[in-house]
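Participant: Let's see this in three dimensions:
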Amino acid sequence: MRRISARYARPGMVLHRPVYDNAGILLFEPNTVLDTSRLEKLRLYTVGEIIVDDPRVADVPVQPLIGPELEAEAVRSLRDIVLESGETGEVHELLMRQLEKPIYAMARELFPDVVGEPNLSGAQTVEDYRFVRPIKVASMAMLLGRKSGYDMLKLSALGMAAALMDIRAKLSDEAAFALFEPMASPPAAHVAGHPVWGLAAVAAGGRASAEVQTAIAQHHERWDGSGYPKGLVGEAIFEPARIIAVADTYFDLVSVHPRRPAAMPHEAVEYVMGSSGELLAPALVEVFVREVPLYPTGVTVRLNTGELGIVSNGNLGFVGRPTVRICMDADSRPIKEPYDFDLSDPEHQGTLVVQVVDY
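Facilitator: Okay, the predicted model is just below:
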């Protein structure tokens, strides 16, 4: 299987996994053959990442951490909450229950063992930013929580907080979104207030636990005290909020924004690593680095030798040293029998990934 950005999809490619829009609605079933009209639909609905069949890596599974059907259900539930609560309204208890169901199911997917990799593509539009991105943050946050020893209940609370973290962020249209820069320092007043407004909204609904409320209120606090709204420092920040900060930072970087281009996944991972001990908790960045590959399985990369290949194993724990299925030589000629090249092998330390292709 091969992982590509939808904008690089071509006629004749076959989808290996289902594709959903930013409302959680199914666009295409697995095994759909892409043609001109379907490619146009992918672009119309600003789909980010897709998984396609590729005979060169037919034996390489691209296993999602959380199934796309389950993530889509969570997106639909979050969308209902945001649209029903309005600009100032509280989060209704019935809708909270509706969201709790897929979030709990997502937590259950991580037991007894974690299998697969998180979806690492970012938001493409305002709609994605409001409804899809928080669910992706929740998925990654729960992965980090699971690897930090959280049980099912704590993991579910963490997922709920991540899903609802921006419930009162000013993202209602393109103009508002253009001004929403959560990583800016210092943040604009309308941005700095959203954790407090979000806390008020979920608290008024009467169903969110104290843990969920605290994590929402503190998810923009930073390890060195440069965050908001209270400027908390280090371990004074609630641990679930620290976890959300790591996942949120990653997805903010890989998301399209009017004021800056989206980073590539490996660039965002490197930024998170560089923020350890400053913006982000060092222990949690260590967990992130162990569990989130710099180059995910299925991504096409170019090596400093000029060869082109597809990542067949992300080699978690070996940062930037995946196993690559070499498919084209340095002169861009197809290799008759592609072969695996393990960059984590000491004898290959001089070989590096220099470019991510078609993503």
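
Participant: would residue 310 count as being in a strand?
Facilitator: Yes: counting by DSSP: H, G, I helix; E, B strand; the rest coil, residue 310 falls inside a strand.

Participant: give the contact list for it.
Facilitator: Neighbour list for residue 310: 2, 54, 56-57, 60, 298-301, 324-325, 327 [criterion: Cβ atoms under 8 Å, 6 or more residues apart in numbering]. For glycine as for every other residue, the C-beta is placed from the backbone atoms N, C-alpha and C.

Participant: Name whatever forms a beta bridge with it.
Facilitator: With DSSP bridges as the criterion, residue 310 is bridged to residue 300, residue 325.

Participant: gap between it and residue 217?
Facilitator: Applying Cβ to Cβ, to the nearest Å, the value for residue 310 to residue 217 is 43 Å.

Participant: a strand runs through residue 221, doesn't it?
Facilitator: No: in this structure, residue 221 is coil, not part of a strand, as judged by three-state DSSP.

Participant: What are the buried residues along the host helix or strand of residue 156?
Facilitator: According to DSSP states H and E, residue 156 maps onto helix 152-164. Judged by neighbour count using 16 or more other Cβ atoms under 10 Å, the buried positions of helix 152-164 are 154-164.

Participant: And for stretch 71-85?
Facilitator: 71-82, 85.

Participant: show me where this structure has helices.
Facilitator: Per DSSP state H, the chain carries helices over the ranges 36-44, 68-85, 93-108, 126-127, 133-147, 152-164, 174-179, 189-192, 194-205, 210-218, 239-253, 265-274, 282-291.

Participant: picking up where we left off before, quick one: which of the contacts of residue 310 is nearest residue 347?
Facilitator: residue 324 (14.8 Å; Cβ to Cβ).

Participant: Just give the nearest non-adjacent residue to the closest one, would you?
Facilitator: Spatial nearest neighbour of residue 324, excluding adjacent residues (Cβ to Cβ, 6 or more residues apart in numbering): residue 309 at 3.8 Å.

Participant: Count the neighbours of the one you found for me.
Facilitator: 26 (other Cβ atoms under 10 Å).

Participant: residue contacts, it?
Facilitator: Residue 309 sits next to 300-301, 303, 324-328, 338, 341 when contact means Cβ under 8 Å, 6+ apart.

Participant: any idea which helix or strand of this structure has the worst average confidence?
Facilitator: Taking mean pLDDT, DSSP states H and E as the measure, the helix or strand of the chain with the lowest value is helix 174-179, at a mean of 53.

Participant: Let's have the buried residues of helix 152-164 in CSV, adding distance to residue 142.
Facilitator: Below are these laid out as CSV (distance: Cβ to Cβ, whole Å):
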residue, distance to residue 142
154, 10
155, 5
156, 8
157, 10
158, 6
159, 5
160, 10
161, 10
162, 8
163, 10
164, 14
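
Participant: Go through these and name the one nearest residue 36.
Facilitator: residue 163 (36.1 Å).
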